[in-house]
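Engineer: what follows is a predicted protein model with its sequence.
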Amino acid sequence: MWLHTAFVLYMNFLLPSVVIGYIADLIFGDPHNLWHPVCLIGNMISVFEKMLRRVFHLDNDRGEHPAADFAAGMILVLMVLFCSAALSSGVLLLCYHLHWILGLAVQSWMCYTILATKSLRVESMKVYAALKKDGLEAGRNAVSMIVGRDTDRLDETGVVKAAVETVAENTSDGVIAPLFFLVIGGPVLGYFYKAVNTMDSMVGYKNERYRHFGTAAAKLDDALNFLPARLSALLMIGAAFFLPRCRNAKNARMIWRRDRRNHASPNSAQTEAVMAGALGVQLAGDAWYFGERHEKPTIGDDLRPVETEDIPRANRLMYATSISGVIIFVFVRVCICLFVRVYFS
């Protein structure tokens, strides 16, 4: 009986907790410490990976055993997702059983830790500040903290492009997609998504070590982000039309329709294409990863040179997209709930 009551409270306070968590994220940003839930998920992934490699005798594996690699990677996904969902739901139900105020507070805090709007701006603006104050080498060091590519070969244009692309891609991965899952299922579904996203960022590489081991995580991440990435692009197009100083709002829609598939990932180019069109610049292109050059198509038209001011412009568009996202998602959820109550009452 108490589980049912706690679950009802969890669902009843779902939207308030999402709104409180979103506002807290805008004010405080991401708390960087070892006890951050996403950091704990990352540590759990590392521990499980080491354990599974020992069990499957893949300690020194470099992709020579694709079947065993894939099986171990699939088990990793199942273990991490089960632990993430079980721990978050257990904590929340226990808190709501103790008192509804405690439950609401913990649920709001969890929503806050899942979102990354302000931290995305803060980290990308460090690149902007480094370039403006200390020059190219400082900019390379700053951008290396937020991208997975090799940065030692980048010129100033490459550093700015990398930062802008990160803001564009993470508008979906770090803001809109988490909001989407939070509004549907609260922090439990939110941590489920973050676990998949974190696994993809840790083991979803196409190098020798992870080509087969990370396949399950990468494919699941693509599947979960399929709809949110496209919603993010549409929200970003809408935000571009209403955002002051966005000189190429109409171009954003055109570039999205044309270049949204110009990426190996089915999702990454969605928001990058909108960003390139809104700013009137060309993004993507060839990049270096682990000492190897990877040929990639470009996104957008080279209407003007990329400049450092494009980083704050990208962040303004990201913020406008996130605000419109939380308003629309909450509104749709409220409308659906009201419809269900009226129709089934």
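Structural biologist: Structure received. Numbers count the residues shown, from 1 in each chain.

Engineer: use CA for all of it now, contacts and neighbours both
Structural biologist: Noted.

Engineer: which regions of the stretch 1-150 of the chain sit below the pLDDT cut-off?
Structural biologist: 33-34, 59-64 (pLDDT under 70).

Engineer: just the helices from it, written as ranges.
Structural biologist: 2-12, 14-28, 37-55, 66-98, 100-114, 117-134, 136-143 (DSSP state H, counting those that start in this stretch).

Engineer: may I have the shortest one exported as PDB, CA atoms only?
Structural biologist: The C-alpha trace of helix 136-143 is given here as PDB (Å, rounded to 0.1, in the frame of the first residue of the first chain):
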ATOM      1  CA  LEU A 136      45.000  30.200 -29.200                       C
ATOM      2  CA  GLU A 137      46.800  27.800 -27.000                       C
ATOM      3  CA  ALA A 138      44.600  28.600 -24.000                       C
ATOM      4  CA  GLY A 139      41.600  28.200 -26.300                       C
ATOM      5  CA  ARG A 140      42.700  24.800 -27.300                       C
ATOM      6  CA  ASN A 141      43.200  23.700 -23.700                       C
ATOM      7  CA  ALA A 142      39.700  25.000 -22.800                       C
ATOM      8  CA  VAL A 143      37.900  23.400 -25.700                       C
END
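
Engineer: the helix or strand that it is followed by - what's its average pLDDT?
Structural biologist: Sequence-wise, the next helix or strand downstream of helix 136-143 (DSSP states H and E) is helix 156-170. Average pLDDT, helix 156-170: 92.

Engineer: between helix 117-134 and helix 156-170, find me the angle.
Structural biologist: Interaxial angle of helix 156-170 relative to helix 117-134 (axes from the mean of the first three to the mean of the last three Cα atoms, to 10 degrees): 170 degrees.

Engineer: which residues belonging to helix 156-170 are considered buried?
Structural biologist: Within helix 156-170, the residues that count as buried by 16 or more other Cα atoms under 10 Å are 156, 158-170.

Engineer: and what of stretch 251-267?
Structural biologist: Buried residues in stretch 251-267 (16+ other Cα under 10 Å): 251-256, 259-263, 267.

Engineer: neighbours around residue 54, how many?
Structural biologist: 12 (other Cα atoms under 10 Å).

Engineer: with residue 214 as the reference, measure out to it.
Structural biologist: Residue 54 is 16 Å from residue 214, where distance means Cα to Cα, to the nearest Å.

Engineer: could you do residue 106 as well?
Structural biologist: According to Cα to Cα, residue 106 and residue 214 sit 32 Å apart.

Engineer: so for the two, which residue has more residues nearby?
Structural biologist: Per other Cα under 10 Å, whichever of residue 106 and residue 214 has more neighbours is residue 214, with 27 against 18.

Engineer: list phi and psi for the more buried one.
Structural biologist: Dihedral pair for residue 214: phi -90, psi 10, per degrees, to the nearest 10.

Engineer: I'd say it and residue 72 touch.
Structural biologist: No - taking contacts as Cα atoms under 8 Å, residue 214 lies outside contact range of residue 72: 9.1 Å.
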